[in-house]
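> Okay, sequence plus prediction incoming.
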Amino acid sequence: MPKTPARTKPARELVFGDLWEFDPAPETADPKLKPRYDLFINGSFVAPRAGKYFATINPAHETKIADIALADASDVDAACKAAQKAFTNVWGKMPGKERGKYLYRIARLLQDHAREFAIAETLDGGKPIKESRDFDIPMAAAHFFYHAGWADKLEYLAPGRQIAPHGVVGQVIPWNFPLLMLAWKVAPALAAGNCVVLKPAETTSITALKFGEICQEAGLPNGVVNIVSGAAETGAAVIQHPLTSKVAFTGSTEVGKSIMRSLAGTDKKLTLELGGKAANVVFDDAPLDQAVEGIVNGIFFNQGHVCCAGSRLLVQESIADEVLAKLKRRIAVLRVGDPMDKNTDLGAINSREQLTKITDLVQSGVDEGAEKHDNGCKLPTKGFFFRPTIFTNVSMSHRIAREEIFGPVLSILTFRTPEEAVEKANNTPYGLSAGVWTDKGSRILKMSTLLKAGVVWANTYNKFDPTSPFGGYKESGFGREGGKQGMLDYFVIE
Amino acid sequence: MSQRLHITKTPKCYVGGAFIRSESARVTALHDASGTFFANIPQCTRKDLRNAVEAAAKAGPGWAKRSAFNRGQILYRLAEMMEARADELTEAIALGSASKAAASREVAAGIERVVHYAGWTDKYEQILGSVNPVASAHFNFTVTEPMGIIGVIAPDDSPLLALISLILPAITSGNCVVALASNTQPYPSILLGEMMATCDLPGGVVNLLTGLRSEMIPTFATHEHLRALSGAVNAADRKTLKLGAAESVKRVHLLKSEEPIDWFADKRQGVEEIRALIEFKTTWHPVGA
């Protein structure tokens, strides 16, 4: 029997919204930035051979932060050769226990420099300081800590088989969680005994290059970690280089596919963590207030720049109106603005290019007939910002229900039966993650069995842990990061 | 520089996060290799053991509830504390018959062992737990749980490394420990207690007693709040411990101290040592709409 939403006059409530200004609460610690960042190759910061640099900007103010070295193919070649040499002479031969000690040092040093890294991350990438401070940086350190402990326990990973590191691993990471994605890639690779050449995203190179300073402080042998900043060509050079026998990429499905094509005909091993269009499924017996918090966290965390964002809300028809009302009320009080302010919920969109993409897709939603709601809040006059937005009246064929928006935009669809929910949730080429909200344990497990996704969150969303494997089904990529499964992707299994 | 009369240290046992003398007020004089008086070591009693079990019982639930990550951080911090005072530990071991070089090797191995277990806190579950593909529509999974309070009886040899090798697998999984240190070389355990007191390990998780094995073994054997016994003891003590254990079906994990034990060996550490001191719990949960 469908529950009828209360038709009586709603209880009076205080909605603060923009009625009163919050006092600014800016984070002011020193991020210790340099005006210019060189490439980190063979344990030193070196100028790019062609002498080219590009500017990295603060997306909240559109002001330049620093010049970043642009690595070309010859720089990448030098990095790969340094990595190969370090692998052959030092790192590949080192007992796991000793490698582990370096990783523990890195974890500890990241903890020491946590605030400095958090601020650098927020300045360069636009995410709210509370997220970089409380999530990105501590989680990055935790990944090094967890993987440090694997280095002397590798025999437990594939019992009965011989495993060996690949040698040099080429890694290309995205801009949404710059240091954390570095940690997800570098920590398991190093614990396994590989050396790495990593290309950070063009718009967010600073924390990766600052990580080079951490490697120096830790006394990490030269060449074990190499950071080559640049654009798409730099990434392609890393992926194509004959010395990188394994490639790990996190980014869009489109680029992932082109990497697969470019590596066809080689023997390189590949893992891909690509896009998603996750369904967050809310049943009528779900604890609704908790579910609404989960929905908000699922789509608005990190401005929605999250590959596993719960961007499709599938809500059971009988509670759809109630959920929508609660959601609208919740987003009315989300604070959009200065990422450096400790009260900010949604910071800046990472780049003008991304803002344009979000704006275009939202326009397509309106054009295709969906109904748009946003919280109407004031946006800063400079910088790249977008209001938290939800769409109702969405059909499965709409672009906003099919394409990854990678922004703070939620599409709401309804369902009547669990079968319909599964059908709709799985009706996507992606399969990275999903959410289920219900009071029934047996239903959680049934849904988890039926949903074609690499991670299923039940009565929670966007939870991450170094011990928990993360990665997708179908066009969301293959391979896992975290846990035993993630470690195994960094070995040749004989 | 003028000769200054130094302050002599009173060794005390680490129990319940504090440093205690034995309730009996008895001590054993400890001499260095040349026969010179070094210090008086508490000679703990059965009552001290019971008090220590009480302290462990208080600390137990909190320690078991800490996240695996947090336990790992704390154990790693213990390694940091030991490394910083490695010279002191070396001298403590060298008080006995060990050469300085051998003592130094033992300290290094002890620190590495602590780091090894720091890395296990968030991994042993991934090796020892399982999801079980039962034939019915159930999600069936097995997880580990700590047993509770573990009685540890260290051998006389390798006074630091053996003690660490017996204590660490127990606390890695969230157990608490009441340990009796080497009878002949108790001083390293006193220092270890000081390091445990400064590594963020909650008080009472590890309690280190010094005293006569002959006096304490019967109480270790019969104390019903000890859920398992782990140690290296002789044949007679093994029999006493096993007989006592039978009364409350304690788990017994004992090595033979009359045979040489290579505490440096890799097989003296690892997930099997952890497995000996945990329980397994299997949960059945229906799967369905």
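Sure thing, it's come through. Residues are numbered from 1 along each chain as shown, chains lettered A, B, ... in the order given.

> what is the mean pLDDT for the helix or strand harbouring A:Asn226?
Applying DSSP states H and E as the criterion places A:Asn226 in strand A:225-227. Averaged over strand A:225-227, pLDDT sits at 98.

> cool, stretch A:139-153 as well?
Per-residue scores along stretch A:139-153 average to 98.

> Quick one: check that stretch for contact with chain B.
Yes: using Cβ under 8 Å from any Cβ of the partner chain, we find that stretch A:139-153 touches chain B at A:Ala142, A:Phe145, A:Tyr146, A:Ala148, A:Gly149, A:Trp150, A:Ala151, A:Asp152, A:Lys153. All C-beta atoms are positioned from the backbone trio N, CA, C, and that covers glycine.

> For the residue of chain B found nearest chain A, pull up the helix or strand it's in.
Of all residues in chain B, B:Gly119 sits closest to chain A, at 2.3 Å by Cβ to the nearest Cβ. For B:Gly119, the host element (DSSP H and E) is helix B:100-120.

> Name the residues of that helix that are buried.
B:103-120 (16 or more other Cβ atoms under 10 Å in any protein chain shown).

> Do any residues in the helix or strand just after that helix lie close to chain A?
As assigned by DSSP H and E, the chain's next helix or strand after helix B:100-120 is helix B:124-128. Yes: Helix B:124-128 reaches chain A (Cβ under 8 Å from any Cβ) through B:Gln126, B:Ile127.

> Where does A:Ala66 sit: helix, strand or coil?
Secondary structure state of A:Ala66, per DSSP: H, G, I helix; E, B strand; the rest coil, is strand.

> okay, now it: neighbour count?
Residues lying near A:Ala66 (other Cβ atoms under 10 Å in any protein chain shown) number 19.

> who's it bridged to?
Beta-bridge pairing of A:Ala66 under DSSP bridges involves A:Thr56.

> Contact distance from chain A - what residues of chain B qualify?
B:68-69, B:72-73, B:76, B:112, B:115-116, B:118-123, B:126-127, B:139, B:270-271, B:285-289.

> who's in contact with the strand or helix carrying B:Val177?
Per DSSP H and E: B:Val177 is located in strand B:176-180. The contact list for strand B:176-180 (Cβ atoms under 8 Å, 6 or more residues apart in numbering or on different chains) reads B:44, B:49, B:52-53, B:56-57, B:59-60, B:63, B:148-154, B:163, B:166-167, B:170-171, B:189, B:204-211, B:213, B:216, B:220, B:226, B:231.

> Next one: B:Ser2, what pLDDT does it get?
B:Ser2 is given a pLDDT of 71.

> same for the helix holding B:Gly119, what does it pack against?
Counting by 3 or more Cβ pairs under 8 Å, 6 or more residues apart in numbering or on different chains; DSSP states H and E, the packing neighbours recorded for helix B:100-120 are helix A:96-112, helix A:137-150, helix B:68-84, helix B:86-94, helix B:161-172.

> Now do that helix and helix B:86-94, the angle between them.
120 degrees (axes from the mean of the first three to the mean of the last three Cα atoms, to 10 degrees).

> List the contacts of the residue nearest to A:Ala73 when sequence neighbours are not counted.
Distance criterion Cβ to Cβ, 6 or more residues apart in numbering or on different chains; nearest residue to A:Ala73, sequence neighbours excluded, is A:Ala237 at 4.5 Å. By Cβ under 8 Å, 6+ apart, the residues touching A:Ala237 are A:Ala71, A:Asp72, A:Ala73, A:Val76, A:Asp77.

> now the residues you listed as TSV including neighbour count?
Below are the contacts of A:Ala237 laid out as TSV (neighbours: other Cβ atoms under 10 Å in any protein chain shown):
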residue	neighbour count
A:Ala71	32
A:Asp72	17
A:Ala73	16
A:Val76	29
A:Asp77	18
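
> ok so, going back, next, the angle helix B:161-172 makes with the helix holding B:Gly119.
Using the same axes, to 10 degrees: helix B:100-120 against helix B:161-172 is 10 degrees.

> quick revisit: pick out the most distant pair among the residues of stretch A:139-153 next to chain B.
A:Ala142 and A:Asp152 (18.5 Å; Cβ to Cβ).

> Give me the below-cutoff pLDDT ranges for the chain.
Just so you know, I chose chain A. In the predicted model of chain A, residues A:1-11, A:13-19 satisfy pLDDT under 70.

> wrong chain, I was asking about chain B
In chain B, residues with pLDDT under 70: B:1.

> can you pull out the strands in it?
Ranges of strands in chain B, per DSSP state E, are B:13-15, B:18-20, B:27-31, B:37-42, B:130-132, B:138-146, B:149-153, B:176-180, B:206-209, B:226-233, B:251-256, B:278-286.

> would you list these in TSV and tack on mean neighbour count?
Listed next are the strands of chain B as TSV, based on neighbours: other Cβ under 10 Å:
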stretch	mean neighbour count
strand B:13-15	25
strand B:18-20	16
strand B:27-31	14
strand B:37-42	19
strand B:130-132	12
strand B:138-146	17
strand B:149-153	28
strand B:176-180	28
strand B:206-209	29
strand B:226-233	24
strand B:251-256	17
strand B:278-286	13
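
> These: which one's closest to A:Asp321?
Each of the strands of chain B has some distance to A:Asp321 by Cβ to Cβ; the shortest is strand B:278-286, at 31.4 Å.

> roughly how far is the closest one from the heart of the chain?
27 Å (Cα atoms, centre = their mean, to the nearest Å).

> I would like the residues contacting that strand, please.
Here strand B:278-286 has contacts from A:441-442, A:445, B:128, B:132, B:134, B:137-147, B:173, B:175, using Cβ under 8 Å, 6+ apart.

> what about 7 Å?
Strand B:278-286 is contacted from outside by A:441-442, A:445, B:137-147, B:173, using Cβ atoms under 7 Å, 6 or more residues apart in numbering or on different chains.

> cool, stretch A:41-57 as well?
In contact with stretch A:41-57 (Cβ under 7 Å, 6+ apart) are residues A:36, A:38-39, A:63-72, A:74-75, A:78-79, A:82, A:124, A:203, A:205-206, A:212, A:216, A:222-223, A:226.

> Could you identify the buried members of these?
A:38-39, A:65-72, A:75, A:78-79, A:82, A:124, A:203, A:205-206, A:212, A:216, A:222-223, A:226.

> In strands, which of those fall?
Going by DSSP E, the strands hold A:Leu39, A:Ile65, A:Ala66, A:Asp67, A:Ile68, A:Ala69, A:Asn226 from the buried ones among the contacts of stretch A:41-57.

> about what we covered before: and the contacts of A:Ala237 as TSV, adding distance to A:Ile349?
Formatted as TSV, the contacts of A:Ala237 follow (distance: Cβ to Cβ, whole Å):
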residue	distance to A:Ile349
A:Ala71	26
A:Asp72	29
A:Ala73	31
A:Val76	29
A:Asp77	35
